[in-house]
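In: sequence and predicted structure are below.
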Amino acid sequence: MAAAPSQNTAPPEHGAAAVNKWLIAVAVMLATIMEVLDTTIANVALLHIRGSLSAGVDEAAWVLTSYIVANAIVIPLTGWCGAYFGRKRFFNFSILLFVASSFMAGASPNLQTLVFFRILQGIGGGALMPMSQAILMETFPPEEQAVAMSVWGLGMMLGPVMGPIVGGWIIDNYSWRWIFYINVPVGAIACFMVTVFVHDPAYIRRGIRKIDWWGLGYLAVGIGALQVMLDKGERLDWFGSHLIIALGALGGVGLLLFAIQELRTREPIVNLRVLKNRTFAVGTAFTTTVMFGMYGTYILIPLFCQQITGYTPLLAGLVLSIQSLGTFLSILLAGRLFNKFDPRLLVALGCVIAGIGSWDMANFYARISFSNIAIPGILRGMGSGLIFIPMTTLSLGAVRKEDMGTASGLFNMVRTIGGSIGIAVLVAMLSSRAQVHQSYLSAQVDTFRLSSWQHLNPSVSNSITSFTRHGRGPFLGIVYKEVQKQASVMAFVDDFRVIAYLFFILSPLSFVMRRPRAATATPTPH
């Protein structure tokens, strides 16, 4: 019974499918890149948005938070919405909603209007990534799925890196409003191509008689509260804040009730029973943990470049873009090697390489050169590509075609949550460890042994004369600033070590997944 639908995908219209499969890939990739780019492109525009709309820091942060929360709620609903409305129709609706809300966000006269349209933008964009992933997995035969995931992975992995660069260039040359307007022509082309080339497979067209309103409500409350807690936690001192405690409790209870409801109802809005598949369950948990480290470096590297080395946002983005060369090469390599080697071995190798790159980052220092920041990141990028493509293909390739939409939505939801937790934990560690290191360094300072400070910074040596002429104040100010800087560097190093340990620990765990069947691993003729 279960095997029949899977074989339906081997193309009844084989000739048409063979001709159009790359056109389908381009169509869904345009939508994916547009959405992924938008998750980070607004980060560099926040200061300009604040000034233009006369908003405070906390108020302007809702421009980012509102999009993330709406996005996270919609992602797991993708499979259900595709079955209820028709996947092609819902995919096109999501593109059009994303494009229309992007245009209105760019035209927003005040912050409240902008946040409202960012919510709509998040709702429209949330479905694009998992649906494009599911469409590619169904369009390509099993032996070509790794190559398809490589193409998809390029957009997914490079989008967050390119976002700050593209956003910085647009803001420098035009206005922050154009980071939203730019989605209109790209979305229009994507919508046209999806209309022409994408078609629903027969097994998608099944009737859903009842909407699980309770499950939908629990999901919205649980995911929404969790994402807001993760986004606002550092700013509100985490569990020192009653609001964060309340959001944590609300998120935990909401997700628990959601899981109970979905396992009890006959027509769940998210079919959690797909987690009974061991390979999919392990792959989902593995990817969630990996995203902890991957998303962490996306945040930590630009922070280090700007806070420690004094780079501009554009130059910090350039560091990330150079690091993405490793990702680009390894994604292409992983797609080629997937059918020739045990994919689990590729994942383990990727974890080791990413761990070595992250360990090299633990050797960063205050006066480090541009190349010494970028090169370890290339290694980490190579590792991430070798992890992500085989892991995604193994995880989604293990489920039935009928469950592909649900599995893809669930896979991407926990990936997003893993990334959010990684960012929250690592940024919190950065703050707390900097305080610990500053306290330790301050205890070692002897301001009367001036010669011991001359090697830290040339400006310290120059200030000794000022110290002797004008008193202790100017020199102590420079010493305190240097202590803060060195403490921050040590905190970054601690974070990079945690990420490295995480990758090294994960490397043997990929073998818990089942080895793919020989049919899936058949080499392609070309």
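Out: All right, it came through fine.
In: pLDDT weak spots in this protein?
Out: For the chain, the stretches flagged by pLDDT under 70 are 1-19, 43-44, 56-60, 157-161, 164, 202-209, 313-314, 445-477, 516-526.
In: show me where it has strands.
Out: For the chain, applying DSSP state E gives no strands.
In: quick check: chain neighbours aside, which residue is closest to Ile165?
Out: Gly317 (4.0 Å; C-beta to C-beta, 6 or more residues apart in numbering). C-betas here are computed from N, CA, C, even on glycine.
In: could I have stretch 91-101 exported to CSV, CA atoms only?
Out: This file holds the C-alpha atoms of stretch 91-101, laid out as CSV (Å, rounded to 0.1, in the frame of the first residue of the first chain):
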residue,chain,number,x,y,z
PHE,A,91,2.3,28.1,-3.3
ASN,A,92,1.2,30.8,-5.8
PHE,A,93,-0.9,32.4,-3.1
SER,A,94,2.0,32.5,-0.7
ILE,A,95,4.2,34.2,-3.4
LEU,A,96,1.6,36.8,-4.1
LEU,A,97,1.0,37.5,-0.4
PHE,A,98,4.7,37.8,0.1
VAL,A,99,5.1,40.2,-2.9
ALA,A,100,2.1,42.3,-2.0
SER,A,101,3.0,42.7,1.6
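In: surely the residue nearest to Ile165 meets Trp169?
Out: No: counting by C-beta atoms under 8 Å, Gly317 stays clear of Trp169, with 9.1 Å between them.
In: these two: which is more packed in?
Out: Neighbours per residue (other C-beta atoms under 10 Å) separate Gly317 from Trp169, with Gly317 holding more: 25 against 14.
In: how near is that one to Asp172?
Out: Distance, Gly317 to Asp172, using C-beta to C-beta, to the nearest Å: 12 Å.
In: ditto for Gly155
Out: Here the criterion is C-beta to C-beta. By it, Gly155 lies 24 Å from Asp172.
In: what's around the residue lying closest to Ile353 once chain neighbours are set aside, how many residues?
Out: Here the nearest residue to Ile353 in space, its sequence neighbours aside, is Gly383; by C-beta to C-beta, 6+ apart that works out to 3.7 Å. Gly383 has 29 neighbouring residues, counting by other C-beta under 10 Å.
In: cool, Gly252 as well?
Out: Neighbours of Gly252 under the rule other C-beta under 10 Å: 14.
In: and for the one 10 residues further on?
Out: With neighbours defined by other C-beta under 10 Å, the count for Glu262 comes to 20.
In: ok, it - contacts?
Out: Applying C-beta atoms under 8 Å, 6 or more residues apart in numbering, one finds that Glu262 lies in contact with 212, 215, 268-272.
In: in CSV: these, plus neighbour count and distance to Leu300.
Out: Below are the contacts of Glu262 laid out as CSV (neighbours: other C-beta atoms under 10 Å; distance: C-beta to C-beta, whole Å):
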residue, neighbour count, distance to Leu300
Asp212, 21, 39
Gly215, 24, 36
Pro268, 17, 38
Ile269, 25, 36
Val270, 24, 32
Asn271, 22, 36
Leu272, 17, 33
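In: quick check, nearest of those to Thr312?
Out: If you rank the contacts of Glu262 by distance to Thr312 using C-beta to C-beta, Val270 comes first, at 42.8 Å.
In: any idea which helix is longest in this protein?
Out: Using DSSP state H to define each element, the chain has its longest helix at helix 404-444.
In: contacting residues around the residue lying closest to Lys485 once chain neighbours are set aside?
Out: Nearest residue to Lys485, sequence neighbours excluded (C-beta to C-beta, 6+ apart): Ala366, at 5.8 Å. Applying C-beta under 8 Å, 6+ apart to Ala366 gives the contacts 308-309, 485-486, 489.
In: re earlier: Cys305 versus the residue nearest to Ile353, what's the distance?
Out: 21 Å.
In: Ser108 now?
Out: Distance, Ser108 to Cys305, using C-beta to C-beta: 31 Å.
In: compare neighbour counts for those two and give me the winner.
Out: Between Ser108 and Cys305, counting by other C-beta under 10 Å, Cys305 is the more crowded of the two (23 against 20).
In: wait, the more buried one sits on Gln323?
Out: No: look at Cys305 against Gln323 with C-beta under 8 Å: they stay out of range, at 11.2 Å.
In: which parts of stretch 116-135 are buried?
Out: 117-135 (16 or more other C-beta atoms under 10 Å).
In: measure it end to end?
Out: End-to-end distance of stretch 116-135 (C-alpha to C-alpha, to the nearest Å): 30 Å.
In: give me the distance from it to the chain's centre.
Out: Stretch 116-135 sits 14 Å away from the centroid of its parent chain (C-alpha atoms, centre = their mean, to the nearest Å).
In: stretch 291-308 too?
Out: Its chain's average C-alpha position is 12 Å from that of stretch 291-308, according to C-alpha atoms, centre = their mean.
In: next one: stretch 236-243
Out: Offset of stretch 236-243 from its chain centre (C-alpha atoms, centre = their mean): 25 Å.
In: what comes up buried for that stretch?
Out: Buried residues in stretch 236-243, defined by neighbour count with 16+ other C-beta under 10 Å: Trp238.
In: isn't Ile269 up against Leu219?
Out: Yes: in terms of C-beta under 8 Å, Ile269 counts as a neighbour of Leu219; the distance is 7.0 Å.
In: shared neighbours, these two?
Out: Common neighbours of Ile269 and Leu219, using C-beta under 8 Å, 6+ apart, are Leu77.
In: mind listing the helices for the stretch 1-150 of the chain?
Out: Per DSSP state H, counting those that start in this stretch, the stretch 1-150 of the chain carries helices over the ranges 3-8, 14-41, 46-53, 57-74, 78-85, 87-106, 111-126, 128-139, 145-173.
In: I'd like to know how far Thr297 sits from Thr289.
Out: Relative to Thr289, Thr297 is positioned 14 Å away (C-beta to C-beta).
In: of these two, which one has the most company?
Out: Thr297 (26 against 18).
In: isn't that one right next to Ser358, touching?
Out: Yes: Thr297 is within contact range of Ser358, at 7.1 Å (criterion: C-beta under 8 Å).
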